[in-house]
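all I have is the shape, not the residue letters:
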């Protein structure tokens, strides 16, 4: 077949495929299978690839950080009564219990009366003490600070894992959280405001992270062997890719919060009862904050709660979140209650940092908040690492050798993807030029990232239309050839048949004869 007979359909196919591939890199996400995605994470200014890249750097630092004295010992009351329904800690399994830390392991400085006070720090490291209460209007959490059952527990020696706690008691807790404290938006997320939608996604991401840890540290009750359960992962997360995305969204929220109070964290006095370890903790914290600065902002909190209506919504959001912190006292498993209380406090601290309307340079944080904040972030970090391992296990179970051979793109796909990436880079340059021009003309605010995204969408749409029209013109031009051109082509074919020596002596059979022969063959 001659090139001019296939060139137009081929170019049409290329143009269509190119913009399909480009769409995966501009404003959309690409599903690579096995809960592995590329592209933008919904409701934040971050991509899956960026989170993966950041986590590779931060994960080993966090692992060392949460094993230090300051971050490993968490003060909590695990014996509070449930404020919403009658019950108690009914899990009698040894896997549910959490022992207290021996008193001699706790630094003397922590035992002083000042521990029940609030430490306030400026970015210059100046501290002062204020009276404490359970919570203020600025808080997302209700704390255990004045509880009579407070005790220190060692977090690394009590890892979050399968305890056997499930069934009606567990379902009652999560149903109360989702049905009564998530604005009832789970069935119509796309139609609700972004504040309620992101709030729901954060709670879902917290739940998904907990499930990831339970599935990873799973006990086979038949063999007594601990190890990752791929069936548990697929059942709880693999069939729900939005839950995976919500874990990544939580990660983006934490990174933004760390970036926002990096000066505060860098100047905080991390007392471990040992000068050498104090310096070690400060160094590790600075490594984490420095990495958070190496990447663009992952989340734009200025888009939220900035109208008169949504400012009132912020009060409702804090109220519902405080309710969730109280619901954690209704968990009937002691170890599950520990990690639930810690992680909800960590997430509440991140939200407090982002949506605190006071000057962030003078934000107030308790030691328990900082410990929960860093440990909560560390749990998300390990959850992402666990998800990567589950992906490999899933592939292996499906008979594939590993991630390097998973769903390999064809050479044409690779070519189109590379072409789409180059197109995306060029388009970003054009988008920046147009946006800067609009800013200079005072058409738009320089911080209006949403308008910038709309420019990108317009460029893709405009480019698709232009290429589509161009290809249509070529097709129409080919289809509507003049009669003289068609006759010339027919004459050329006739001449070739007459002059071709292979055709000499051959008679042309009639259609009737051909039909008979075909009948005999049949």
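That came through fine. All figures in this text were calculated on a predicted structure; none of them were measured in a lab. Numbering: from 1, shown residues only.

in the stretch 351-500 of the chain, where is pLDDT below threshold?
Along the stretch 351-500 of the chain, segments meeting pLDDT under 70 span 357-358, 400-410, 412-414, 416-418, 420-421, 445-450, 452-453, 474-500.

in what helix or strand does residue 75 lie?
strand 73-76 (DSSP states H and E).

show residues contacting that strand.
Residues from elsewhere that reach strand 73-76, judged by C-beta atoms under 8 Å, 6 or more residues apart in numbering: 101, 105-106, 115, 144, 150-155, 338, 341-342, 368, 371-372, 375. In this view, the C-beta of every residue, glycine as well, is placed from N, C-alpha and C.

so which helix or strand of this structure has the lowest pLDDT on average?
strand 127-130 (a mean of 34; mean pLDDT, DSSP states H and E).

got the buried residues for the next helix or strand after it?
Next in sequence after strand 127-130, counting helices and strands by DSSP H and E, comes strand 151-154. Using 16 or more other C-beta atoms under 10 Å as the test for burial, strand 151-154 gives 151-153.

do stretch 361-370 as well
Across stretch 361-370, burial judged by 16+ other C-beta under 10 Å covers 363-370.

next, the distance between the ends of that stretch.
16 Å (C-alpha to C-alpha, to the nearest Å).

which SSE is the residue most central in space within the chain in?
The chain has residue 248 as the residue nearest its centroid, 1.7 Å off, counting by C-alpha atoms, centre = their mean. Per DSSP H and E: residue 248 is located in helix 241-260.

now swap in residue 325 and tell me
Residue 325 belongs to helix 308-327, assigned by DSSP H and E.

show me what the helix or strand that that helix is followed by is packed against.
Using DSSP H and E, the helix or strand that follows helix 308-327 in sequence is helix 334-354. Applying 3 or more C-beta pairs under 8 Å, 6 or more residues apart in numbering; DSSP states H and E, we find helix 334-354 packed against strand 73-76, helix 194-216, helix 241-260, helix 308-327, helix 367-397.

which of those sits closest to residue 415?
Distance to residue 415, taken as C-beta to C-beta, is lowest for helix 367-397 among those, at 24.9 Å.

what is the closest one packed up against?
For helix 367-397, the packing partners by 3+ C-beta pairs under 8 Å, 6+ apart are helix 48-65, helix 69-72, strand 73-76, helix 194-216, helix 230-233, helix 241-260, helix 334-354.

tell me the angle of it relative to helix 241-260?
Interaxial angle of helix 367-397 relative to helix 241-260 (axes from the mean of the first three to the mean of the last three C-alpha atoms, to 10 degrees): 140 degrees.

for helix 367-397, which positions count as buried?
Under the neighbour-count criterion of 16+ other C-beta under 10 Å, helix 367-397 has 367-387, 390-395 buried.

mind splitting this structure into its structural domains?
Using automatic domain parsing, the domain ranges for the chain come out as 3-21+416-479, 37-405.

will you turn those into TSV that also has distance to residue 29?
Below are the domains of the chain laid out as TSV (distance: least, C-beta to C-beta, whole Å):
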stretch	distance to residue 29
domain 3-21+416-479	13
domain 37-405	3
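
let me know which of the ones you listed is tucked in deepest.
Of these, the one with the most neighbours on average (mean count of other C-beta atoms under 10 Å) is domain 37-405, at a mean of 17.

where's the closest residue to residue 438 other than its chain neighbours relative to residue 454, distance?
Spatial nearest neighbour of residue 438, excluding adjacent residues (C-beta to C-beta, 6 or more residues apart in numbering): residue 444 at 4.8 Å. For residue 444, the distance to residue 454 equals 10 Å [C-beta to C-beta, to the nearest Å].

repeat that for residue 312.
Distance from residue 312 to residue 454, counting by C-beta to C-beta: 28 Å.

in contact with residue 328, which residues?
With C-beta under 8 Å, 6+ apart, residue 328 has these contacts: 173, 337, 340-341, 344.
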